[in-house]
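1. Here is a sequence with its predicted model. Questions after.
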Amino acid sequence: MENKKQDWLDKLCDQLLGKGSLLDAIDTKIKTKEEKIIIKERQIKKMNYYFEVFKKYAVFDGRARRKEYWMFFLFNFLILLALSIIGKIADINSEDGWNFLNGIYWLATVIPLIAVGVRRMHDVNKSGWYLLIPIYNLILACTDGTRGNNEYGLDPREVGGVGGVYNQNIKITAKPDKTTNTAMQHDNIKYCGHCGVRHTKDTKFCSSCGKPFREVE
């Protein structure tokens, strides 16, 4: 009798702890859910790059990472493609495959597209006018940005924000003045650790993001 009880307990333990067991199935299900959450977070993060460009609709100052530029470019392409497909289904496309929906969307995005392109040039420490040079502008758009701060602003990878993107309505001086007056003024200027906006030293809350002021380390 005792042997039968022991055998039954052994089988139960094997079912609970062995391969293909209930616990193993639960563990697999949890991992699958975690993977889905991670994928969803990545998708949201990619969409944030797109919306961040619209938040800085006509901001030509500051810098933009490669990811910010190319994500906006990619979403633009996909949306225009979707509008062309809708136009084809509705039979409103012209001979070149465009319709009035494409035109409206293009007019809405042309300014932020130019603005993020200029900021992308700034990220590689180049003037925004380089955006007008064919082929070379594409090379610069694919080039990794300057490590650390440059004359066009703070490094967006080192400043907090959506996907590493920050409010770039700022410019910093590449060569600081050595006079005492300028040094004192520089000591009173601090940058928000959340969005990168410049403030005076005694600021308690950031006027841009509204968060308690925390200095960039």
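-> Thanks, I have the structure now.
2. Run a quick neighbour tally on Phe54.
-> Number of residues near Phe54 (other CB atoms under 10 Å) recorded here: 12. In this view, the C-beta of every residue, glycine as well, is placed from N, C-alpha and C.
3. So it versus Leu132, what's the distance?
-> Per CB to CB, to the nearest Å, Phe54 is found 23 Å from Leu132.
4. For the protein, which segments are assigned as helices?
-> Counting by DSSP state H, one finds helices in the chain at the ranges 2-17, 22-55, 66-89, 100-123, 136-142, 180-187.
5. what pLDDT does Trp8 get?
-> pLDDT recorded at Trp8 is 59.
6. Next: Ile38.
-> Ile38 is assigned a pLDDT of 62 by the prediction.
7. do Asp155 as well
-> On the pLDDT scale, Asp155 is placed at 86.
8. how about it, what does it touch?
-> 63, 145-149 (CB atoms under 8 Å, 6 or more residues apart in numbering).
9. What count of nearby residues applies to the nearest residue to Phe72 once chain neighbours are set aside?
-> Excluding its sequence neighbours, the residue lying closest to Phe72 (CB to CB, 6 or more residues apart in numbering) is Val53, at 4.5 Å. The tally of other residues near Val53 (other CB under 10 Å) stands at 25.
10. Identify the residues contacting Val53.
-> Neighbouring residues of Val53 by CB under 8 Å, 6+ apart: 64, 68, 72, 112-113, 115-116.
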